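Asker: Give the three-dimensional model of this entry:
(one chain, ligands or ions: 2)
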Amino acid sequence: MQHPCYKILLCDILNPLSDTKSELVKGGAIALRRVKNNHFYKIESIGHAEKILQLYKLKRSVTIYNFQKYLAMPSFLDLHFHWVQDDVTLMPKDSLLSWLSKYTWPNEAKFKKKTYSKQKAKQFCNKLLQMGTLGGGCFASIHEHTVDHALEQFHGDFVVGNVLMTINSPDYLTQSSQNAVEIVRSKSKKYGKKYAITPRFAPTVDPHTMKETAKIAAKSGCFIQSHLCETQEEIEYVLSIYNKFKGFESINSYTEIYNACGLLGPKTIMAHGIYLNSSELKTLKKTNTAIAHCPTSNAPTKDLGLGSGLFDFKKIEKAGICWGLGSDIGGGPYLSMFDVMRSFVLQNKKIGTKVSCSKALYRATLKNAQILGLDKTCGNLSPNKHANIIMIESPHTSSSDTAESVLERVLLKNIKSRHNFSKLVKKTIYRGKCWEFD
Ligand code: GUN
Ligand code: FE
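Answerer: Ligands and ions are numbered 1, 2, ... in the order given. Down below sits the predicted model:
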């Protein structure tokens, strides 16, 4: 039978619950139930295998899958990545601004061609599946079809936006303000909360476009995403540009530029936020703006990042600001959220700040689902949520194992090279449909 009413997956289970708590079930089972008249599945119950098998013993149309050598986790949400930057992840990263102008922008220009964009979206879709990422906040290029192609092709719950670039950009990637606003109007109408208004970053967007698109966001309920305080050089650059605009002469922080344009709020996600002063922290808190922290992108160039600096998550949490993890492909080198989680843990360890692997997992799953307004349907393995699950080979365990010790083995101990993270996921399940990888 192709679509049984129930699927029972026998496997070990690792389920994030909060910053400090993940549950581990060895010899577990996840029971999925098919949604009426549909081919998609939700999680109905989860627990020890004997208990779950007993519960479903008398039900009709049950298929049992023996995945006992695997460890199941919820699929990932990547809070910040550029789907059109897959080919510049390993280009020389001397500084953010030079990497953008030398490699990233010329590469994004190729997406003007629809056939190219569509073919790249198909490839990227397979990569996302293989990494176990089934949702997130995604930047496309300035070309509106790159939003359509991503939303048509990617399996998962993604929020996507075309970047807006009206000033200080190469001719081949400069759009008029009118064109930018028109695209935002039509895409926000078409996609609603799957769309994010995406001023690339303030240096490349004029204040009129920022203000007009912010008004559209307020009416349409779509998201807003951009970059904020990623490097010192960028901050000096943006202030030198904006202080020349009428009405912005006395503005003295990057955050205040976005705030003055009406772009901050509970549906806004700002990537990076490394160099924020105390008044900016207050503004982000007051407006309920979230931050996407991208440790592998911020990492030193020797670790294949842009060398932007260290994100002080403790300062951000103390200020009461929401944050989650992102890969920032191509500023970050690898798409796997395992690599991102590892980097977050290790960077903090290096400066003597202890963070648990459970916290990293929570920030790569449930917290990001919350920020994206998706936590009713995804983010972890709770009953009633969609069956969005990844399976990795279960690390050899002992009876004294905890969720934290198992995760530590996966992220820090069993990994010989960062490349291996790309091969960790053996099955990705989206709403009950399964893709397998060798
Ligand atoms: N700031 C503006 N554009 C970009 C981008 O594409 N990547 C990163 N990391 N920062 C940016
Ligand atoms: Fe980025």
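Asker: shaky segments in the protein?
Answerer: 1 (pLDDT under 70).
Asker: Contact partners for whatever residue of it ends up closest to ligand 1?
Answerer: For the chain and ligand 1, the shortest gap (CB to the nearest ligand atom) falls at residue 331, measuring 3.2 Å. Where C-beta positions appear, they are placed from N, C-alpha and C, glycine not excepted. Listed by CB atoms under 8 Å, 6 or more residues apart in numbering, the contact partners of residue 331 are 82, 85, 93, 96, 99, 294, 297, 305-306, 308.
Asker: Make CSV out of the residues you listed and add secondary structure and distance to residue 386.
Answerer: Below are those laid out as CSV (DSSP: H, G, I helix; E, B strand; the rest coil; distance: CB to CB, whole Å):
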residue, secondary structure, distance to residue 386
82, strand, 26
85, helix, 28
93, coil, 36
96, helix, 36
99, helix, 37
294, coil, 26
297, helix, 29
305, coil, 33
306, coil, 34
308, coil, 34
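Asker: Which ones, among those residues, also lie beside ligand 1?
Answerer: Counting by CB under 6 Å from any ligand atom, 82, 96, 297 from the contacts of residue 331 sit close to ligand 1.
Asker: For these, which single residue is the most surrounded?
Answerer: Within those, residue 297 tops the neighbour count with 30 neighbours, counted by other CB atoms under 10 Å.
Asker: List the residues that contact that residue.
Answerer: Residue 297 touches 272, 305-306, 308, 327-328, 331-332, counting by CB under 8 Å, 6+ apart.
Asker: which parts of the lengthiest helix in the chain are buried?
Answerer: If you go by DSSP state H, the chain has its longest helix at helix 114-131. Within helix 114-131, the residues that qualify as buried are 117-118, 120-121, 124-125, 128-131, counting by 16 or more other CB atoms under 10 Å.
Asker: what does the protein put close to ligand 1?
Answerer: Going by CB under 6 Å from any ligand atom, the residues of the chain near ligand 1 are 82, 96, 100, 104, 200-201, 227, 230, 297, 328, 331.
Asker: Could you point out the helix or strand that follows the longest helix of the chain?
Answerer: As assigned by DSSP states H and E, the chain's next helix or strand after helix 114-131 is strand 133-139.
Asker: who does that following strand pair up with?
Answerer: Paired neighbours of strand 133-139 in the sheet (DSSP bridges): strand 76-82 (parallel), strand 157-161 (parallel).
Asker: now it and helix 114-131, what's the angle there?
Answerer: Inter-element angle recorded for strand 133-139 and helix 114-131: 140 degrees (by axes from the mean of the first three to the mean of the last three CA atoms, to 10 degrees).
Asker: pull the CA atoms of the helix or strand just after strand 133-139 into PDB?
Answerer: Following strand 133-139 in sequence order, the next helix or strand is helix 145-153 (DSSP H and E). Output of helix 145-153 as PDB, limited to C-alpha atoms (Å, rounded to 0.1, in the frame of the first residue of the first chain):
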ATOM      1  CA  HIS A 145      11.800  34.800 -10.900                       C
ATOM      2  CA  THR A 146      14.500  33.600  -8.400                       C
ATOM      3  CA  VAL A 147      11.800  33.900  -5.700                       C
ATOM      4  CA  ASP A 148       9.300  31.900  -7.800                       C
ATOM      5  CA  HIS A 149      11.900  29.200  -8.600                       C
ATOM      6  CA  ALA A 150      12.900  28.800  -5.000                       C
ATOM      7  CA  LEU A 151       9.300  28.600  -3.700                       C
ATOM      8  CA  GLU A 152       8.300  26.200  -6.600                       C
ATOM      9  CA  GLN A 153      11.300  23.900  -6.200                       C
END
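Asker: Can you tell me what sits against helix 145-153?
Answerer: Against helix 145-153 from outside (CB under 8 Å, 6+ apart): 83-84, 111, 114, 117-118, 120-122, 124-125, 138, 140, 158, 160-162, 187, 191, 194-195.
Asker: Tell me the gap between that helix and the middle of its chain.
Answerer: 17 Å (CA atoms, centre = their mean, to the nearest Å).
Asker: and the angle for that helix with strand 157-161?
Answerer: Using the same axes, to 10 degrees: helix 145-153 against strand 157-161 is 170 degrees.
Asker: which one in this structure is furthest away from the centre?
Answerer: residue 58 (40.5 Å; CA atoms, centre = their mean).
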